[in-house]
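**Q** after the sequence you'll find the predicted model.
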Amino acid sequence: LFNPEDYAELAYQQQNAVAAIKQGGLTGKVLQGVEANLASRSVPVRESDFIFASVCEEFGFIGAVLVLLGYAFMILMIIRIARKSKDYLGRMMAVGFGAMLLVQVSINIGVVTYILPNTGIALPFMSSGLSSLLVNLLMIGILLNISLQPRGKAKVREESPLGYIDIK
């Protein structure tokens, strides 16, 4: 019914990304000692949403696994922050940030490997989009703030008419 190869001109970047992943092999061009010049690169716009294909081409399967392990470590640390947070709002924010990161990484890698259609979602902390980088850095800053909050229970001062929160 639907054959993506019939529409090759619409999926040019994705097909080149798959070719780049194949060319990378196990160790990639860098570890194999192959000189990388601009003419031999498969993906025309390497720093965009297809940066994962670039990593796979230059560093191979080993580089791809290291990138995925880095994202897995980040998500596990976010889950750890969420579990240790005593504040409900902090916990929910951490869970939301972790889910956002997981969805972005999954969709981007799905697009690069030609499993999903091209969506334009950047790979967090790696693609060249400035707004994506800014949002991700703000997310990490908020997560650091959540992780540094005191672990005591919040208690409302009775003498204050506005009900300021006093952490004890």
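**A** Now that the structure is in, tell me what you want to look at. The structure presented is a predicted model; accordingly, all values stated were derived computationally and were not measured.

**Q** could you check the pLDDT of Phe2?
**A** The score at Phe2 is 62. That number is its pLDDT.

**Q** ugh, typo on my part, it should be Gly70
**A** pLDDT recorded at Gly70 is 98.

**Q** separation between it and Val103?
**A** Plainly put, Gly70 is 17 Å away from Val103 if you go by Cβ to Cβ, to the nearest Å. Quick note: C-beta positions are derived from backbone N, CA and C, even for glycine.

**Q** now do the contacts for Leu26.
**A** 60-62 (Cβ atoms under 8 Å, 6 or more residues apart in numbering).

**Q** which among these count as buried?
**A** The neighbour count (16 or more other Cβ atoms under 10 Å) marks Gly60 as buried among those.

**Q** inside helices: which ones of the contacts of Leu26?
**A** Judged by DSSP state H, the contacts of Leu26 include 60-62 as members of helices.

**Q** and the contacts of Leu26 as TSV, adding distance to Ser147 and pLDDT?
**A** Output for the contacts of Leu26, formatted as TSV (distance: Cβ to Cβ, whole Å; pLDDT from 0 to 100):
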residue	distance to Ser147	pLDDT
Gly60	34	92
Phe61	33	94
Ile62	31	94
